[in-house]
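> Sequence and predicted model, in that order:
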Amino acid sequence: MYSQTTQAICVTVQPIYLEDQSSPAEGHYVWAYQVRIENQGNRTVQLRRRHWRITDARGRTQEVRGDGVVGEQPVLRPGESFEYTSGTPLPTPSGIMVGSYTMESEAGEMFDIGIPAFSLDSPHEAVRLN
């Protein structure tokens, strides 16, 4: 698991290689990633936007931006958490993802929190640090 805390918001990510959805012979590799966002602070916040930077083993980078996550913009009161699962395909057997969420406080303050960089590794390539 990979974890990062920014302004009392802890983001934990667990990537999972999906063998049944991947086709290595065709250069198609798929991962799910489970995310937990926990408000460890004392103010209520809402997740407004996401930004991902996905880099494959050849160094090609794709940026993904959008509102919320999995169609939601969850509100997190102090001590609450939100979990979701999403996924990404790559044309290579490994890669790396990193990103940020834009949060909004009840007072209307917008701020970014980090999503930890995490490695996407398949059993079709020797494990290496991305």
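Cool, got the structure.
> backbone phi and psi for the spatially most distant residue from the centre of the chain, please?
The centre of the chain is farthest from one residue, A25, which by Cα atoms, centre = their mean lies 26.6 Å away. Dihedral pair for A25: phi -60, psi -20, per degrees, to the nearest 10.
> Next, work out how far apart it and L120 are.
As judged by Cβ to Cβ, to the nearest Å, A25 and L120 stand 19 Å apart. Any C-beta I mention is one placed from the backbone N, CA and C, and that applies to glycine too.
> quick one, what contacts P24?
P93, S122, H124 (Cβ atoms under 8 Å, 6 or more residues apart in numbering).
> if we go to 7 Å?
P24 is in contact with P93, H124, counting by Cβ atoms under 7 Å, 6 or more residues apart in numbering.
> where does the chain dip in pLDDT?
125-130 (pLDDT under 70).
> where along it do the strands fall?
All strands of the chain, identified by DSSP state E, fall at 2-6, 9-17, 29-39, 45-56, 61-67, 75-76, 81-90, 94-105, 110-121.
> Same list, these, but as CSV with mean neighbour count please.
Output for those, formatted as CSV (neighbours: other Cβ atoms under 10 Å):
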stretch, mean neighbour count
strand 2-6, 15
strand 9-17, 18
strand 29-39, 19
strand 45-56, 18
strand 61-67, 11
strand 75-76, 17
strand 81-90, 15
strand 94-105, 20
strand 110-121, 18
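> what's around A57, how many residues?
Using other Cβ atoms under 10 Å, A57 has 19 neighbouring residues.
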